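Visitor: Sequence plus predicted model, see below.
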Amino acid sequence: MTEHERVLCRRVAHQINNPLTGILGYCQLLLQGGGLTPFQREALEHIQAQSFRCRSAVRGLLTDEDGMAVAGSQMVSSGHGPVEEKDGGS
């Protein structure tokens, strides 16, 4: 995988993971809160399961055939153009 492809995968993963985190968080809150009808509980459990499925697919973008991470560095947006890589060290 080229560096350009790795950067693209990281960007796509970041854009998908942000809303997935919110969806999963709200599902957990609603499921733990109680007072749901059986239909509501089933619907939330389905949303949660499909969100985990999406998360797994996104993780697949970030690993190669051997399961090794292809996108190890953190991404930092300066807000002034392209996303820049941030080194893991200080």
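Guide: Okay, I see it. Owing to the predicted nature of the structure, the values given are computational and were not obtained by experimental measurement. Numbers count the residues shown, from 1 in each chain.
Visitor: so where do the helices sit in this protein?
Guide: Here the chain has its helices, by DSSP state H, at 3-33, 38-61.
Visitor: can you redo those as CSV with mean pLDDT?
Guide: Output for those, formatted as CSV (pLDDT from 0 to 100):
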stretch, mean pLDDT
helix 3-33, 91
helix 38-61, 93
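Visitor: Now render the ones you listed as TSV, adding mean neighbour count.
Guide: Where you see a C-beta, it was placed from the backbone N, CA and C, and this is true even at glycine. Rendered in TSV, the data for the helices of the chain read as follows (neighbours: other Cβ atoms under 10 Å):
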stretch	mean neighbour count
helix 3-33	14
helix 38-61	13
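Visitor: okay, stretch 9-16 in PDB with CA atoms only?
Guide: Output in PDB follows, covering the C-alpha atoms of stretch 9-16 (Å, rounded to 0.1, in the frame of the first residue of the first chain):
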ATOM      1  CA  CYS A   9      -7.500   5.000   4.700                       C
ATOM      2  CA  ARG A  10      -6.800   7.000   7.900                       C
ATOM      3  CA  ARG A  11      -8.900   9.900   6.800                       C
ATOM      4  CA  VAL A  12     -11.800   7.700   5.800                       C
ATOM      5  CA  ALA A  13     -11.500   5.700   9.100                       C
ATOM      6  CA  HIS A  14     -11.500   8.900  11.100                       C
ATOM      7  CA  GLN A  15     -14.600  10.300   9.400                       C
ATOM      8  CA  ILE A  16     -16.500   7.100   9.900                       C
END
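Visitor: hang on, residue 12 packs against residue 60?
Guide: No - distance between residue 12 and residue 60: 11.4 Å, which falls outside the contact criterion (Cβ atoms under 8 Å).
Visitor: Just give the nearest non-adjacent residue to the residue positioned nearest the centre of the chain, would you?
Guide: Computing the C-alpha centroid of the chain and ranking residues by Cα atoms, centre = their mean puts residue 17 first, at 2.4 Å. Distance criterion Cβ to Cβ, 6 or more residues apart in numbering; nearest residue to residue 17, sequence neighbours excluded, is residue 58 at 6.0 Å.
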